[in-house]
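In: what would the 3D arrangement of this be:
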Amino acid sequence: MGAGEAGKGNGWWKGMRVFSPEYYAVCAVGGMLSAGTTHLAITPLDVLKVNMQVNPLKYNSIFSGLHILVKEQGPSSLWRGWAGKLFGYGAQGGCKFGLYEYFKKMYSDVLTGYNRSTIFFASSASAQVIADVALCPFEAVKVRVQTQPNFAKGLIDGFPKLYASEGLSGFYKGLLPLWGRNLPFSILMFSTFEHTVDILYHNVVQKKKEDCSRAQQLGVTCIAGYASGAIGTVVSNPADNIVSSLYNKKANNILQAAKNIGFPNLFTRSLPVRFTLVGPVITLQWFFYDTIKVLTGLPTSGGIARDFDEVNSLT
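Out: You can find the predicted model right below:
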């Protein structure tokens, strides 16, 4: 697929320019669909992860934990909180991917004397701050539904029940630790992805992206996606444990939660199950996201504004 093909599509997509309003709309919809569906698919492991964080003595491994959940609460317990996963992470993904592309263009134009890493860091952080505001209410209800069987069945009854008991602040109690978890993760995820893509094209494929086939481009996306997810998981694990502790009232504040969990456990508790979760999920997110972009005639992800000058000139 040449540069002209990367910039053009069929039907009303024909002539779409990178960084046009339509481009950002495709990125937002692609992010929403890719994030929402992949998080929905791994709901059983997410239920286990949250319970391992809240009650590590009882749920001390992946296989025994799943066995205990099914034995005590039935198979349906593994899908508890599925709506929060689908809609919450769909909203987060739409904001995260769509706004990342927007901020990357904006910072590329403004920070002309800065290196690429600075642009990636600033863009991902700006997008994630907004994305987590969208996610936080869904996450607050989801965690309670997954770990407190008598709290609610899902979002429909969980939202009014949480509001009645804790007010609006109950939905955003975990926003700071959520930022603490997701900001480092997002910064490392996007920057690792971008740099891995660059390394793969220059040193492994040894061709420009626009000279590669769609299959080659999506292969690069998958490899870079897995690398970005693996690195982000390690950095974000402490805050992920704190989020679960706060939402389940195991602690009143961040410092108390960290003290109760213990410094070493912040990094190790639920890490194996998060590796099982996050690596494949992030890989699939990038794959679905870039597949949607390719199907609409757009180039796959990676690169900053000046990298697309040729693509835009051919549309």
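In: SS state for Val281?
Out: Recorded secondary structure, Val281: helix (DSSP: H, G, I helix; E, B strand; the rest coil).
In: which residue, other than its chain neighbours, is closest to it?
Out: Ranked by CB to CB, 6 or more residues apart in numbering and with sequence neighbours excluded, the top spatial neighbour of Val281 is Thr38, at 4.9 Å. All C-beta spots, glycine's among them, are computed from the backbone N, C-alpha and C.
In: tally of neighbours for that neighbour?
Out: Applying other CB atoms under 10 Å, we find 23 other residues in the vicinity of Thr38.
In: doesn't Leu284 make contact with it?
Out: Yes: with contact defined as CB atoms under 8 Å, Thr38 reaches Leu284; the gap is 4.7 Å.
In: residues contacting Ile187?
Out: With contacts defined as CB atoms under 8 Å, 6 or more residues apart in numbering, Ile187 is in contact with 120-121, 124-125, 128.
In: which of these count as buried?
Out: Buried by 16 or more other CB atoms under 10 Å: 120-121, 124-125, 128, out of the contacts of Ile187.
In: of the residues you listed, which is the nearest to Gln206?
Out: When these are ranked by distance to Gln206 (CB to CB), Phe120 comes first, at 23.1 Å.
In: so what's the residue count around Lys259?
Out: A count of neighbours around Lys259, defined by other CB under 10 Å, yields 11.
In: look up how far Asn265 lies from it.
Out: Separation of Lys259 from Asn265 (CB to CB, to the nearest Å): 11 Å.
In: now for the two: what residues contact both?
Out: The contact lists of Lys259 and Asn265 share no entry, where a contact means CB under 8 Å, 6+ apart.
In: helix, strand, or coil at the nearest residue to Gly170 once chain neighbours are set aside?
Out: If the residues on either side of it in the chain are set aside, Gly170 comes closest to Leu162, at 5.1 Å by CB to CB, 6+ apart. In three-state terms, and counting by three-state DSSP, Leu162 is helix.
In: now the strand or helix carrying Gln217, how far from the centre of its chain.
Out: Element membership for Gln217 (DSSP states H and E) is helix 214-247. Its chain's C-alpha centre lies 7 Å from the corresponding centre of helix 214-247 when counted by CA atoms, centre = their mean, to the nearest Å.
In: that helix: which residues count as buried?
Out: Per 16+ other CB under 10 Å, helix 214-247 contains these buried residues: 216-218, 220-221, 223-247.
In: against which helices or strands is that helix packed?
Out: With contacts taken as 3 or more CB pairs under 8 Å, 6 or more residues apart in numbering; DSSP states H and E, helix 214-247 sits against helix 43-54, helix 116-147, helix 175-199, helix 254-261, helix 263-268, helix 271-295.
In: name the helices or strands packed onto the first one?
Out: To tie it back to what came earlier, the one meant is helix 43-54. helix 62-73, helix 116-147, helix 214-247, helix 271-295.
In: and the contacts of that helix?
Out: Contacts for helix 43-54 (CB under 8 Å, 6+ apart): 39, 58-60, 62, 65-66, 69, 77-82, 85, 143, 146-147, 240-241, 244-245, 248, 250, 269-270, 273-274, 276-277.
In: can you go through those residues and name the buried ones?
Out: Burial by neighbour count, 16+ other CB under 10 Å: within the contacts of helix 43-54 this picks out 39, 59, 62, 65-66, 69, 77-82, 85, 143, 146-147, 240-241, 244-245, 248, 250, 269-270, 273-274, 276-277.
In: near Met106, how many other residues are there?
Out: With other CB under 10 Å as criterion, Met106 counts 17.
In: so what's it up against?
Out: Shown in contact with Met106 (CB under 8 Å, 6+ apart): Ser123.
In: for it, pull up the helix or strand it's in.
Out: In this assignment (DSSP H and E), Met106 forms part of helix 89-110.
In: got the CA positions of that helix in CSV?
Out: Extracted in CSV, the C-alpha atoms of helix 89-110 (Å, rounded to 0.1, in the frame of the first residue of the first chain):
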residue,chain,number,x,y,z
TYR,A,89,-13.6,1.8,29.0
GLY,A,90,-15.4,2.6,25.7
ALA,A,91,-15.8,6.2,26.9
GLN,A,92,-12.2,6.3,28.1
GLY,A,93,-10.8,4.8,24.9
GLY,A,94,-12.7,7.2,22.7
CYS,A,95,-11.2,10.1,24.7
LYS,A,96,-7.8,8.6,25.0
PHE,A,97,-7.1,7.7,21.4
GLY,A,98,-9.0,10.5,19.8
LEU,A,99,-7.6,13.2,22.0
TYR,A,100,-4.1,11.8,21.8
GLU,A,101,-4.1,12.3,18.0
TYR,A,102,-5.5,15.8,18.5
PHE,A,103,-2.9,16.8,21.1
LYS,A,104,-0.1,15.2,19.2
LYS,A,105,-0.8,17.4,16.2
MET,A,106,-1.2,20.5,18.5
TYR,A,107,2.0,19.9,20.4
SER,A,108,3.9,19.0,17.2
ASP,A,109,3.0,22.4,15.9
VAL,A,110,3.8,24.3,19.1
